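**Q** Let me see the structure of the following:
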Amino acid sequence: MNPYVFMTDSDSDLPFRYVDELDMTMVYMPYILDGKEYFDDLGRSGKQKEYFDNMRAGAAPVTSLLPTAAYVEYFEPCFKEGRDILFVAFSSQLSGTINNVYAARDELLAKYPDRRMTVVDTLSISAPQTILILKAHELYRRGKSMDEVAQWLEDNKMRAQAWFTVDDLKYLRRGGRIPASVAVAGAALDVKPLLVIAEDGTLSLVGVARGRKKGIKQLAEYYKKNVDDAGQAHVAIVGHADCPKDAARLKEALEKEAPGLLCLVCNIGPVIGSHVGADMLAVVFWGHDKRENLSVADRIARKVKGDK
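**A** Numbers count the residues shown, from 1 in each chain. This next block holds a predicted model:
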């Protein structure tokens, strides 16, 4: 038995078949629809299309923070078994959830002083978090120590790139993920926004496309421009919020740009879906370190703050 537990959360949108095959410990995140609380099951129930159809019909699901007490319930059995925890968390810049992770950790470490728990803020979410998880879990299965796996994640988390387009910016605006002015401008110009998860873990508008077809073409071009030809460049993920035909078109466009590319198509779950809306389409891949895009002034400022 590994002396520590590798744990992550369902905001990674990691397909449940991988969770089952790898026997991965998962924290399931909540969302509320029509006043009732549900938990993201990573597509196990097969109700993702129904969920997005409800959104198209006007339903407005919301997400909520998993309370500290719930994290304690996930973590404490590991400590009781005498095992430490490596927790791979989604971006602290897109939710305050990680603060409850820290609170649960501190509460339990006071109770179990001989145990250890390392939390890695991936500054990613959904499919880019999945790319990091799958590689890190491979290291875990190979017997790498908790410190080694955590360090690999810290060293490489800026290379998980996600470029995506949404059909309607109102969901990102409603959740406070983008300024209202950006959403209003996008609607007024009748364009499809192109966004990226930036190096600080927030969302950034990087372009616009007039029409879905052009948006798909631009996503493929972004991939070609930003992919790292070394390392794991041969793998990409197409993530979609119930738009399988567009996902197939993007997959085809990527394979034309990179013959031999292994392109996985994954569904976006209800928690992430509540913030991006139906018909979100993304390409996720192993790219250049996003910190390379920082200016000299930005790099100095991050060093002063102690950021990596």
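**Q** Can you say which helix or strand has the residue nearest in space to the middle of the chain in it?
**A** Most central in the chain under C-alpha atoms, centre = their mean is residue 125, positioned 1.6 Å from the mean C-alpha point. In this structure, residue 125 is located outside every helix and strand according to DSSP states H and E.
**Q** any idea how far residue 256 is from the closest residue to it other than its chain neighbours?
**A** The shortest distance from residue 125 to any non-neighbouring residue, by C-beta to C-beta, 6 or more residues apart in numbering, is to residue 90 (4.3 Å). The C-beta positions use only the backbone N, C-alpha and C, and glycine is treated the same way. Using C-beta to C-beta, to the nearest Å, residue 90 is found at 32 Å from residue 256.
**Q** Can you pick out the residue with more neighbours from those two?
**A** residue 90 (27 against 11; other C-beta atoms under 10 Å).
**Q** The more buried one contacts residue 130, doesn't it?
**A** No: counting by C-beta atoms under 8 Å, residue 90 stays clear of residue 130, with 10.5 Å between them.
**Q** Which residues are in contact with each of the two?
**A** Common neighbours of residue 90 and residue 130 (criterion: C-beta atoms under 8 Å, 6 or more residues apart in numbering): residue 12.
**Q** re earlier: gap between the residue nearest to the centre of the chain and residue 287?
**A** 16 Å.
**Q** Now do the strands in the stretch 151-300 of the chain.
**A** Assignment of strands within the stretch 151-300 of the chain using DSSP state E, counting those that start in this stretch yields the ranges 160-165, 192-197, 203-209, 235-240, 262-267, 281-286.
**Q** Indicate which one of these is closest to residue 220.
**A** With C-beta to C-beta as the measure, strand 281-286 is the member of those nearest residue 220 (7.2 Å).
**Q** by contact count, what packs against that closest one?
**A** Contacts defined by 3 or more C-beta pairs under 8 Å, 6 or more residues apart in numbering; DSSP states H and E place strand 281-286 against helix 127-141, strand 160-165, helix 212-226, strand 235-240, helix 244-257.
**Q** Quick check: neighbours of that strand in the sheet, parallel or antiparallel?
**A** Paired strands of strand 281-286, with direction, are strand 160-165 (antiparallel), strand 235-240 (antiparallel) (DSSP bridges).
**Q** coming back round to it: looks like the residue nearest to the centre of the chain contacts residue 11 (just checking).
**A** Yes: counting by C-beta under 8 Å, residue 125 touches residue 11, with 5.5 Å between them.
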